[in-house]
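Asks: what would the 3D arrangement of this be:
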Amino acid sequence: MIEQDTIRLLRECDSGVKMGVSSIDEVLDYTRSELLKRSLVDCKIKHEQLSGDIEKQLCRFRDQGKEPSPVVKGMSWIKTNAMLAMDQSDQTIAELITDGCNMGVKSLSRYLNQYQAADERAKDIAKKLIAQEEQLCAQMRPYL
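Replies: Next comes the predicted model:
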């Protein structure tokens, strides 16, 4: 049970971190404020570092990880491009990132509760990812 919950939680973290990096990449070129861009790039770097930790942990279990759902990724892409087509402001970017962070925190919190038997390393990774998402969300508030 511990091993299965650990793998499942790590897979969800893997999918979440990939989704976060992809979302940041989609809006970076539209960012006007250097401070906003720096916040996004810093978060992306932290996510990529955490992705390396996730990959190492999944390797212990000989697991390949998990890609974000194509449907979820597609819906995110459509929403991002539709909103940016109407308004390419930093406010729009902050709204998109805030929505994404909130969805990530919600999902990861649900998975932490669902996979309670996961080992402490996997739980720590999930908590770090949640903290990164919450921090980025807070950094978006001045642009809303």
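
Asks: once you drop chain neighbours, what's closest to Gln4?
Replies: Once flanking residues are discounted, Gln4 sits nearest to Ala117: 7.8 Å by CB to CB, 6 or more residues apart in numbering. Placement of C-beta: from N, CA and C, glycine included.

Asks: now do Arg11
Replies: Lys66 (3.9 Å).

Asks: against Pro142, how distant is that neighbour?
Replies: Per CB to CB, to the nearest Å, Lys66 is found 34 Å from Pro142.

Asks: helix/strand/coil for the residue nearest to Arg11?
Replies: coil (DSSP: H, G, I helix; E, B strand; the rest coil).

Asks: between Lys66 and Pro142, point out the one with more neighbours.
Replies: Shown here are Lys66 and Pro142; by other CB atoms under 10 Å, Lys66 has more neighbours (18 against 12).

Asks: what distance separates the helix or strand of the chain with the lowest mean pLDDT from the middle of the whole chain?
Replies: For the chain, counting by mean pLDDT, DSSP states H and E, helix 70-86 ranks last in confidence among helices and strands (a mean of 94). Taking CA atoms, centre = their mean, to the nearest Å, one finds the center of helix 70-86 at 16 Å from the center of the full chain.

Asks: all numbers from here: first residue = 31
Replies: Let's use 31 as the start, then, which means that last one is helix 100-116.
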